[in-house]
Structure formats: structure tokens, C-alpha cells
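A.B. asks: Predicted structure and sequence below. I'll ask about it afterward.
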Amino acid sequence: MVPSNPNHLISHPLDDPSQLLSLCFSPRISDRTRALRTLAHSTVPPSVLVPVLLGMMKDPYPLVRRAALEGLCGICVPGNIVVDDIGVVEGCYRSAVGMISDGEDCVRVSAVRAVTVWGIMLIDSKDGEDKRDCTDQLFLLLCSVVRDMSVSVRLEGFYSLGNIKQVSEGILLQSLSKRILSSLKGKKPLSRCSAKSNKLCAFSAAGSFVHGLEDEFSEVRRAACISLRGHISLSSRFAGEAVTLFLDVQNDDSELVRLEVLEALHHVIKCDDLKMQQVLTQALLSSLADRSPQIRVEALKILGAMKIATLQSYKLSVESLLDGLEQYPQNGAEFLLALFKSVRINGGHAVSIIQDICHKIRCACDKLDFDEPRAIGLLVMALSASLYHEECLRRIPESIFSYLAVYFGRISAILVDVVDKDSLLNHLCCSGGLRHASKDKFQTDTEGSSLDTDVMTQGGFIGTSTLKASDGGSENWSLSVCTKCQQLSSVESWKSIKLSLESIKISWELIKSGSVSEELNVLRTCKEEFKSLTNDSLDFASISVFGLRYICLIKSLAKLWEYSELSQKCPGMGQVDVVLVKSLRALLVLRYRFSGFSKDDELYLIELELLIYVLKLVRFQICCRTGKKLIGAVSRAVHMCDANSLVPSELIRGLTKLSQVDTGSITMLLCSPLHLMKLLESFSLKDFAHLDKIRHKKAELLIPGYNAENPFTFIPGLPVGITLEVSLYNATSEDRLWLKLSLDEFSEFVYLDKDVQDSEEVVPTKITAVFYGTPDAGDFRLRIIVGVECLSEDLSAVKNHGGPKYPLIYLSSEREVYFTLHSRRARMDI
């Protein structure tokens, strides 16, 4: 019985070649198409397969002709049938050439592909001059299709042109010129064609790539760039002419085309032609201002790998890179990496300009522009010069390496793929603090060791120390050097901290002068430095977090100062209150999340609180509540000064005179904004006396035996207990710590009883917290967090029955615990 499904016959075509061949002549178009596509992978012998495919290329239906051409291409795929008869190869090629003039676009695309495949096979079968002649003729033939009316045909034509190698220089030059060159005479395609056809091929080859780069479709322009790039290495003269065309397409509307242009320029980059190099340098520098970030990044990669011939061009490229570093901060890492690599490759030019670089670095530091992108770029250039060029290392002052150590974390993160972090640290140590140390000095620290800093590595001269030891002293010497490096790193980190805090203190003068935006830029830079310090060193984690919180407070104060200026338009009481609350909150975080403050530091924090109240009174004079808080803060400041023999600041002395602390009221004089503004002018930011003793209080919550996939169970109305492991860091005996358990808007508190000695850094505590307000629901989510109570006289008490009397400052991140109904959990387990 014959199956009703006609596809059944070709369900396993490889098993029955005779049925497959019969389907090639089926009256159904779909059957013929599927059979032809399967023939190339079948076991049909080439003596039968090739004639069938060539015959089906004359089928009246385009899909069948296309399938025959694709089957013809499939024969040449590695692993399929290989045709060794040169006559068969020529016959297949001529048949494919004849299909290039087909009336259907899809057939012409497959024909171009088949011409390329069989033409390359024919080229491989030739030797000597015949091989070159066949290559030129195939190239000319493909040039005739790149101006086809179909976009798909033009695309396939250009992609095929890129696969033809070892083309004669004259033919290549003709493809770049619309004028017919004499070198093209006598060239003809491999098919048997008339003299008229030869003339048409010559005309079609003229300016083929020019027409492709001028095509209205970006896909074709991109394909032309890719094809043209593949022939650049074949001829230096052709490469020079091609660069001119690429420069015309450099401002193309399509980003993909511009990327291909840059990739092509990258292939020309190794050319020794001085004139061409200058043109390439100018083209790449113009790409640095491209609107596309990806274009800029690719241009930077090329510039970083480019050896520039003249000193003038190198100076121009360096200046452009520094300008781009300022103009495009989002690509700052890529610009710095390009500067680093450029100095490494262009060592001769780097030696010529290293003194100018060092001078600019010192000028930037003197002008307090040390954090400007240009200054950091100059530092990276100095670092690269000292790493890879010994002559530059001798000319760089030691102070430059101190500046580099300040930004060690940021720079090492950018250069992580180029320079090992440990090698970079050793280089800074040896080049800075240890470079001129004598050998005898190290021998006093270790036995039988000596220091040799002039070492050549695979990456070039890097100035790192190498050990020459005897009598077993190498291990002790290495430990000594590592200790010195760590000590120097610690010193430089403290320099970075002090420099950032000094910048914050100086920035307050910008606020007074009304340059709030400039001050915010300074604070933003200092914030980045504290963040990099947090990531690089655990030893400075506390002071880094403190610096970030301190910057948040200063930013809020800057906003309040801006509102307090009498010439400014009133922003409204509500907006000022928001900034006021934010400022007070930031101050409370400093006071209660950090410990180790000296009495001078505590007085300074009270002075910051006074500043907040005064700034609000300057704008809104009638504010009794703020006035009462101001009086309370003044009273505490006076008491602290008397009890600890401290010298009050001008702001505290002035407010003490203006306020009647003994009666607890504000004089009429205090409500005058002019007198308050005079007091504000006397205020300035101060240094913290014992910065190294400040510790960050924090807590970590762990819930043993809990995970989100296995929630705890509960019974509605009955309390639940949660066992918690709490790790307290830098807590003091005076801290009142609470666990806050929240369900939606309802909260319960559990006092965290602890046995803390002020000298202990980490205190582990295990506690079972009981939550009584379980809801009548199938499940609920409980939020748990650790907070410290703000025991301040000026804060209003909160109504928490059995909880803290004053607001909390949270020390840990919030943990969520999921509970599900006990009966539901039991059913889930079943």
C-alpha cells in the first residue's frame, strides 16, 4: 500500500539514493527543492550527482534553480564529495557563471556564491602564472555583480570579493578608480565569452569599491569596507589608495560602517610610510570626538597600539587623549589605558616629553587640581614611562611617585590587564621611598642579602627589586621588603585620606563664595577616592565609610547654605525642612555609627549641629522649635567646653552671647539674619583630632537553618521565635542596641543585651527574638534589622511600648524572614 503522505518517501533520503534522485524530477516544486538540497549530503556518486544539479539549474522555477546552485556549493564543503576532475570543475564554474544573469534575485545570489566556490577550486588547481591569471579573472567577474540592482546580490558580491586573495596590483588599483587603467587589457573571465563581454567586464571592474562605499544602503557600504580591508595587506600602494577612500567614509551615518572603517585603519597601522601614518593619526584623533562611545573605544584601542613616527604627531595625539579624558568621563578608563600603552610603545617620544609631563603634574598639584582628569592622565603617562623606559625613570622626581601612590587603587584597577598589581606596588615602593636606599641599610635588616633594582622583565624595565642572597637570608630579606612596601602603602593611603579631607575643608570656602556647583564637584571627586580606598584596603574600611558619610553631611550643608543666602528666592519651608532633616540625619549617623571620637571631635560635631540650626534661622527667622533646639545645642557645647577645658570656636562664642541659655529663650537679636550671617562667615570646617582611632560600628545578622525555599512555620495569634546570630563590630558599652521586627507598618522591638568591652572589635551574640503579632493569614514576611538608640537631649521621644525612647540609627542591612501557615507546610511536606 502506498503511503498517503508524500513526504514519507524523503523522510530518510540518505538510505535510498534512487528515491532521492526520482524526487528531483517530481512534478511538485517542493519535492524537487527538498531533494536538491539533500543531494550534496547523500551517497549519490559524483558522476550522477553533478549532471543532475547542472540539469536542474535550468528548471523554470526560481526556487528549484536556487536549490540546485546551493547543492552545487554544498559539494565543495569540507567532508562532502570532492571533485578531482578539472574538467568537471570548469564545467560547474561555467554553469554557475551563466546563472549570474538570471532574472530572479535569489538565484543570482546563489549563483555568485557558487561562482566564488568553484572559482577558488579552479584557482587551487593551477600553478604559477595560470593561478594568478585565474585569480584576476575571477576577481573581475565578481566586480561585475557589485552594481546589481538587488541589494542582496551586491552584498554577496562584496563578501565574495573579500575571499579572493593574491590579486594583481593593477586589478586592485582599478577597483579603486573609475577611470579605466591600461593594466586591465586582456583580462577576461574564466567562461567562454565574446570580446564584447570582455569589454563589459573591464568597465564593471572600474571603481567597484568606490561604488560600494557610496551605496545608499549601509549594509552594502559595510560589506564593501570588509571586502576592501581583506586586500590591504596585498599591496602597499593599494593600501595607500584605500586609506583615502576610508577617510571619506569615516563620517558615515551608520555606526557599523564607521566601526569597519576603524578596523580597516587598524590593518594599515603597521605601514612604514611616514605620510600615510600622519594621515592615519589625524583620522584616529578625529574619531575620539565621535558621538558613539563604541567608536571612541575602538579608536582608543588603535591609538594605544600605534607607533607614531614624529614627535609632533605624538604630542598632538597625547593632547587629544587628555582633552578626550576631560570631555568624555564615561570613557575615562579607556582613555587612561590608551595613554599608558601609547607611552609604552613610543618610548623615544616619551623620553623627550617626560620633563614637561612632570612639570604639569606639579602645577596641577599646586593649583589643587590634583583630582582633575587631565592630572590623572599625566600621572598614568609618568607611570608608564617609569615602568618601561629606564631613561624616563631617572628623570622623574620621587614626588611624582608619591602622587601616584595616592591613586594606586584607581590606577591599578584600570591597568589590571596590563600590569600585575603586586608588581606595580613594588615598583612604586622601589621608585619612591626605597629607590635610593643603600645596600648596607638593607643588610642591617637581613643577613647576607643585597638589593638590585635595575631589573629587566618580559614587559621591559620596571624597576622592581630582585634578590641576590646567600646563607639562607633570602626569605628574611623578602619579608623585610614586603613589610616596607606594606608600610609605604599604608603611609600613602593616609596621605590620600588627609588630602581628601583637606580638599573638603578647603571646598567650604567655595560655598561661602557662592560656588556651590564647584564645591559639589570637589566632593564628588573625594567621594570616589574614599570608595577606591574602601575597595583596596580593609585596614582603612572604617575611615573610608566615615569619609563617605562626612561628605554626605557636607553636601547637605552646602544645600542649606545655598537656601540661606538672602539674595536667593525662597524655596519654601517644606523643601528646606527636607534638607534640614537630611542634614540632621547625616549628623546622627556620624555620631552614633562611629566611635573613637576625641572630646574635640565631639565638640566639632555639636558645632555642625549648631550650623544646621543657624542656617535654617537665617532663612526662616520665626521658628521657635528650631530656636529651642539651638539653645539646647549651645548649652551642651558650653558644658563640654567647661568640663574638658576646651576652647570654643567663634561660632559657639557668638551664639552663647546671643542666646540666654539660663532662661531657655532666644533674644530678639538672635532673630536678625544679619547677625547670624556674620556668625556663619566665621565658621570653617575643622580637622578630626584622632582620625586613626575612629571605628565604624556595624552589625551582621545571620539566621541559622533558614532559607527562602524552606520558610519557618507559624500559628496565627501565637508568638514565633527566631534564633539570630548577631556579630557586632566596634560597639561600645554605652550603646543601647535594639532589634526591630517589622510586619508592614507594625513593629516590635527586642533589646539586644550584650557584654561588650570597648577594646573588643567583634562581639558575637546569639539571641532568640520573639514576635507576638503574628497575623491571621496564610503567610507573612517579617523584616529584621539592628539599630542603636540615639540618646540625645534634643530628639523628641518616640512612643514605642517596651521599645526605644529615641529614634534608631540602623547598623545592619535588613533581613527578611518568610513564615507560612503550619498546616500548609505540613501539606507541602506530604
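C.D. replies: Great, that's in hand. Residues are numbered from 1 along each chain as shown.

A.B. asks: Spit out the contact partners of the residue most central in space within the chain.
C.D. replies: In the chain, the centroid-proximal residue (Cα atoms, centre = their mean) is Ala333; its distance is 7.3 Å. For Ala333, the contacting residues are Ile414, by Cβ atoms under 8 Å, 6 or more residues apart in numbering. Backbone N, C-alpha and C define where each C-beta goes, glycine included.

A.B. asks: for it, phi and psi?
C.D. replies: When read as degrees, to the nearest 10, the backbone of Ala333 gives phi -60, psi -40.

A.B. asks: Look at it and report its pLDDT.
C.D. replies: With respect to pLDDT, Ala333 scores 87.

A.B. asks: just Val491 next, same as before
C.D. replies: At Val491, pLDDT is 62.

A.B. asks: what's the answer for Val788, then?
C.D. replies: 92.

A.B. asks: Then the one 5 residues further on?
C.D. replies: Residue-level confidence at Glu793 comes out at 55, pLDDT.

A.B. asks: go on, Glu219?
C.D. replies: Listed pLDDT for Glu219 reads 91.

A.B. asks: change the start of the numbering to 34 and stick with it
C.D. replies: Fine by me, first position is 34 from now on; the one you just mentioned is Glu252.

A.B. asks: Could you report the separation of it from Ser846?
C.D. replies: 51 Å (Cβ to Cβ, to the nearest Å).

A.B. asks: More neighbours: which of those two?
C.D. replies: Counted by other Cβ atoms under 10 Å, Glu252 and Ser846 do not tie: Glu252 has more neighbours, with 16 against 11.

A.B. asks: Next, the buried residues of stretch 609-624.
C.D. replies: Buried residues in stretch 609-624, counted by 16 or more other Cβ atoms under 10 Å: Val609, Val612, Leu613, Lys615, Ser616, Leu617, Ala619, Leu620, Leu621, Val622, Leu623, Arg624.

A.B. asks: ok, and what's touching whichever helix or strand the first one is part of?
C.D. replies: Meaning Val609. Element membership of Val609, judged by DSSP states H and E, is helix 606-625. Here helix 606-625 makes contact (Cβ under 8 Å, 6+ apart) with 579, 582-583, 585-586, 589-590, 592-593, 596, 638, 641-642, 645, 649, 652-653, 730, 768, 821, 823, 825, 840, 842.

A.B. asks: Roughly how far does the residue lying closest to Asp323 once chain neighbours are set aside sit from Ile335?
C.D. replies: The shortest distance from Asp323 to any non-neighbouring residue, by Cβ to Cβ, 6 or more residues apart in numbering, is to Arg329 (5.6 Å). As for Arg329, its distance to Ile335 is 11 Å (criterion: Cβ to Cβ).

A.B. asks: Between the two, which is the more surrounded one?
C.D. replies: Neighbours were counted for Arg329 and for Ile335 using other Cβ under 10 Å; Arg329 has more, 22 against 18.

A.B. asks: Assumed that one was part of a helix.
C.D. replies: Yes: applying DSSP: H, G, I helix; E, B strand; the rest coil, one finds Arg329 inside a helix.

A.B. asks: who are the neighbours in contact with it?
C.D. replies: Residues near Arg329 by Cβ under 8 Å, 6+ apart: Ser320, Leu321, Ala322, Asp323, Gly357, Tyr361, Asn364, Glu367.

A.B. asks: Any idea how many residues pack against Leu173?
C.D. replies: When counting by other Cβ under 10 Å, one arrives at 25 neighbours for Leu173.

A.B. asks: what about it, which helix or strand?
C.D. replies: helix 161-176.

A.B. asks: If you count neighbours, what's buried in that helix?
C.D. replies: Arg165, Asp166, Cys167, Thr168, Asp169, Gln170, Leu171, Phe172, Leu173, Leu174, Leu175, Cys176.

A.B. asks: for the strand or helix carrying Leu420, the distance to its chain's centre please.
C.D. replies: Per DSSP H and E, Leu420 falls inside helix 406-421. Its chain's C-alpha centre and that of helix 406-421 lie 20 Å apart, by Cα atoms, centre = their mean, to the nearest Å.

A.B. asks: and if you look at stretch 358-365?
C.D. replies: Worked out by Cα atoms, centre = their mean, stretch 358-365 lies 12 Å from the chain centre.

A.B. asks: For the residue nearest to the centre of the chain, give its distance to Tyr347.
C.D. replies: 22 Å.

A.B. asks: Repeat that for Leu155.
C.D. replies: Leu155 is 49 Å from Tyr347, where distance means Cβ to Cβ.

A.B. asks: The residue nearest to the centre of the chain and Leu638, how far apart?
C.D. replies: Applying Cβ to Cβ to Ala366 and Leu638 gives a distance of 37 Å.

A.B. asks: what's the answer for Gly380, then?
C.D. replies: Distance from Gly380 to Leu638, by Cβ to Cβ: 53 Å.

A.B. asks: Could you do Gln315 as well?
C.D. replies: In terms of Cβ to Cβ, Gln315 sits 57 Å off from Leu638.

A.B. asks: more crowded one of these two?
C.D. replies: Leu638 (18 against 14).

A.B. asks: got the contact list for that one?
C.D. replies: Counted by Cβ under 8 Å, 6+ apart, Leu638 has contacts Leu620, Leu623, Arg624, Phe630.

A.B. asks: now with 7 Å?
C.D. replies: Leu638 makes contact with Leu620, Leu623, Arg624 under the criterion Cβ atoms under 7 Å, 6 or more residues apart in numbering.
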